[in-house]
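Enquirer: Need coordinates for the below:
(2 chains)
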Amino acid sequence: MIEFRNVTKSFEDEVVLRNVSFRIRRGETKIILGVSGSGKSTILKLILGLIRPDSGQIIFEDQDITLLSEQELVGVRKKIGMVFQEGALFDSLDVRENVGYRLYEDGTMPDEEIGQVVLRLLSFVGLEDAIDKMPAELSGGMKRRVGIARALVGTPRLVLYDEPTAGLDPITKRTIVDLMIKLRDVEGVTTVFVTHDLQAAATVASEYAEAAPDGRIVFRRGGDNLCLLNVECIMLEDGHISFEGRYEDLMSSQLPFVRTFVA
Amino acid sequence: METSIRSLFAAPHRFLLLAVWEIQSYTVLSGRAIANLFTRPIYMREVILQMERIGIGSLTIILLTGFFTGAVLGIQSESALRRYGAVSITGQLVAITLVRELGPVLSALMMAGRIGSGIASELGSMVVSEQISAMRALGTDPTRRLVTPRMIATVMMLPILTILCNAVGMIGGWIIARFKLLLSSSQYWSDSLNALELSDVFGTLLKPVVFGFIISMTGCYVGLRTYGGTEGVGRSTTQAVVSASILVIAVDFFLNNLIIYLTPFINR
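Expert: Numbering: from 1, shown residues only, chains lettered A, B, ... in the order given. Below you'll find the predicted structure:
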């Protein structure tokens, strides 16, 4: 679905990514780990075309998107949902307008229908009561959940999460992680999860969601479930990938940087 | 500024490159903001909202600035004109000074302080909280959604505010002329209005259009390239006001030359 081929990116004199190559297959979950400033978020911005690499290629669904213009990237971005670190909700718009932003901008759907879509997505993240609130009235966790709802407009097949659990209390963090797992396993969304939160990464790599006979979504741990076999971690160190593989292998890795990170 | 001067001497070629890059980026942003006027969509709701914020929101400071400037001109003209026994032409002096120069420039400087800083801090906050990235990720061009409406609103509202500033300034001058210099109202007003030529009216309308463009584009440009969190927002706000004010005064010099050159053709 996505492929990075020898991608290098620097900001002024600082090289953030150096010849980074990896591939994300359809239905896969890629957890990108690393310390602050290691280039994790840069990878997400490169996938979305918000910034361009200095060299290398980025392939999305067999199309080279490296040099596409802003106009050409609109079509690519419609297939991708992005959850920003603090939610990045528009301050001047209420929750309804934030979630339905893409649809209001398109102008092809009647307002009433957009309202229904927004309500459905908000109920998915458990925030249907917040539909008329302004972002300033929401807690940090609620903002992230609204951000997830906004990212799901247009049912994207790929969702990028930029540290969605950073700075949250354990209970809210668990709610966000559950949403990510639910999206992955129930909706079949390909996931790129950027984080330095090992606990959240462990949950995503070891738990799966399934529908119980009564229709409720339940979370289970372990087993050889396909969604868990499809979870892979990348560890970034000084602009290059120092580890790529399963979460269990990461935890047992003897690489000095990885040992320091997971200790 | 101190850093800029230091970098000028430390690495002049780098400083020059940076200056050229800044001018190029500013020009590209301005060009795109103007080009958006000729293609859809135009965010009319945003334009009206900005016109309300910029126009109605700035009314009080513009009226106060105009009034006191006119009054000060009246007071100052007395001491200057009395030496020549020409206190009676106070109206002319107030009207010409206000309409040709002080009205447009002071209105623009007040707007640079209020609107330039407001735009830079608003867009800067959106940059550091990743709202601009989110907007692009959701398929919207921030230049079209944020820059063009602010440009339209400022360019449309500043001429109106300048006319009001001129009018209130002349009323301020009249109050001084009537009650301090004891001139008759009819003398003051007929002198004021007769002194003005068509080129003065042209100038007082042309200048705020250009200044409005400069103020809005400087605010947007500086705001959109904000970096470094909340500290960066503060830096951008200050930079927007300083840059816009200097540009207004510098461009005023060239506009005056242009108007003087055009005056014979306009007044023909």
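Enquirer: And the host helix or strand of residue B:235, what does it pack against?
Expert: Element membership of residue B:235 [criterion: DSSP states H and E] is helix B:229-266. In terms of contacts (3 or more Cβ pairs under 8 Å, 6 or more residues apart in numbering or on different chains; DSSP states H and E), helix B:229-266 is packed against helix B:103-111, helix B:117-128, helix B:198-224. Glycine gets a C-beta too; all of them are placed from N, C-alpha and C.
Enquirer: so who does the residue of the stretch 51-200 of chain A found nearest chain B touch?
Expert: With Cβ to the nearest Cβ, the shortest gap between the stretch 51-200 of chain A and chain B falls at residue A:88, namely 4.0 Å. With Cβ atoms under 8 Å, 6 or more residues apart in numbering or on different chains as the criterion, the residues that contact residue A:88 are A:147, B:129-131, B:133-134.
Enquirer: highest average neighbour count across the helices and strands packed on helix B:229-266?
Expert: Of those, the one with the most neighbours on average (mean count of other Cβ atoms under 10 Å in any protein chain shown) is helix B:103-111, at a mean of 26.
Enquirer: and the angle from that helix to helix B:198-224?
Expert: Calculated by axes from the mean of the first three to the mean of the last three Cα atoms, to 10 degrees, helix B:103-111 forms an angle of 20 degrees with helix B:198-224.
Enquirer: Please find the angle between the direction vectors of the strand or helix carrying residue B:23 and helix B:198-224.
Expert: Residue B:23 belongs to helix B:12-35 when assigned by DSSP H and E. Interaxial angle, helix B:12-35 versus helix B:198-224 (the same axes, to 10 degrees): 110 degrees.
Enquirer: Please save the CA atoms from helix B:12-35 in PDB.
Expert: Extracted C-alpha coordinates of helix B:12-35, given in PDB (Å, rounded to 0.1, in the frame of the first residue of the first chain):
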ATOM      1  CA  PRO B  12      26.700  38.100   3.800                       C
ATOM      2  CA  HIS B  13      26.000  35.600   0.900                       C
ATOM      3  CA  ARG B  14      23.700  33.500   3.200                       C
ATOM      4  CA  PHE B  15      21.900  36.700   4.300                       C
ATOM      5  CA  LEU B  16      21.300  37.800   0.700                       C
ATOM      6  CA  LEU B  17      20.100  34.300  -0.300                       C
ATOM      7  CA  LEU B  18      17.700  34.400   2.700                       C
ATOM      8  CA  ALA B  19      16.500  37.900   1.700                       C
ATOM      9  CA  VAL B  20      15.800  36.800  -1.900                       C
ATOM     10  CA  TRP B  21      14.100  33.700  -0.700                       C
ATOM     11  CA  GLU B  22      11.800  35.700   1.600                       C
ATOM     12  CA  ILE B  23      10.900  38.100  -1.200                       C
ATOM     13  CA  GLN B  24      10.200  35.300  -3.500                       C
ATOM     14  CA  SER B  25       8.000  33.400  -1.000                       C
ATOM     15  CA  TYR B  26       6.100  36.700  -0.200                       C
ATOM     16  CA  THR B  27       5.500  37.300  -3.900                       C
ATOM     17  CA  VAL B  28       4.400  33.700  -4.500                       C
ATOM     18  CA  LEU B  29       1.900  33.900  -1.600                       C
ATOM     19  CA  SER B  30       0.600  37.200  -2.800                       C
ATOM     20  CA  GLY B  31       0.300  35.900  -6.400                       C
ATOM     21  CA  ARG B  32      -1.600  32.900  -5.200                       C
ATOM     22  CA  ALA B  33      -3.900  35.000  -3.000                       C
ATOM     23  CA  ILE B  34      -4.800  37.200  -6.000                       C
ATOM     24  CA  ALA B  35      -5.100  34.200  -8.400                       C
END
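Enquirer: tell me the angle of it relative to helix B:229-266?
Expert: Using the same axes, to 10 degrees, helix B:12-35 lies at 70 degrees relative to helix B:229-266.
Enquirer: residues making contact with whatever helix or strand comes next after helix B:12-35?
Expert: Where DSSP H and E defines the elements, the next helix or strand beyond helix B:12-35 is helix B:44-51. Applying Cβ under 8 Å, 6+ apart, the external contacts of helix B:44-51 come out as B:145-146, B:149-150, B:152-154, B:156-157.
Enquirer: Toward the C-terminus, what is the element adjacent to helix B:44-51?
Expert: For helix B:44-51, the following helix or strand on the C-terminal side (DSSP H and E) is helix B:57-82.
Enquirer: Please identify the buried residues of that following helix?
Expert: Of the residues in helix B:57-82, those with enough neighbours to count as buried (16 or more other Cβ atoms under 10 Å in any protein chain shown) are B:58, B:61-63, B:65-67, B:69-75, B:77-78, B:81.
Enquirer: circling back to that earlier point, report whether the helix holding residue B:23 contacts chain A.
Expert: No: Helix B:12-35 does not reach chain A (Cβ under 8 Å from any Cβ of the partner chain); its nearest approach is 10.2 Å.
Enquirer: wait, isn't residue B:143 in contact with residue B:30?
Expert: No: the criterion here is Cβ atoms under 8 Å, and residue B:143 misses it with residue B:30 at 10.0 Å.
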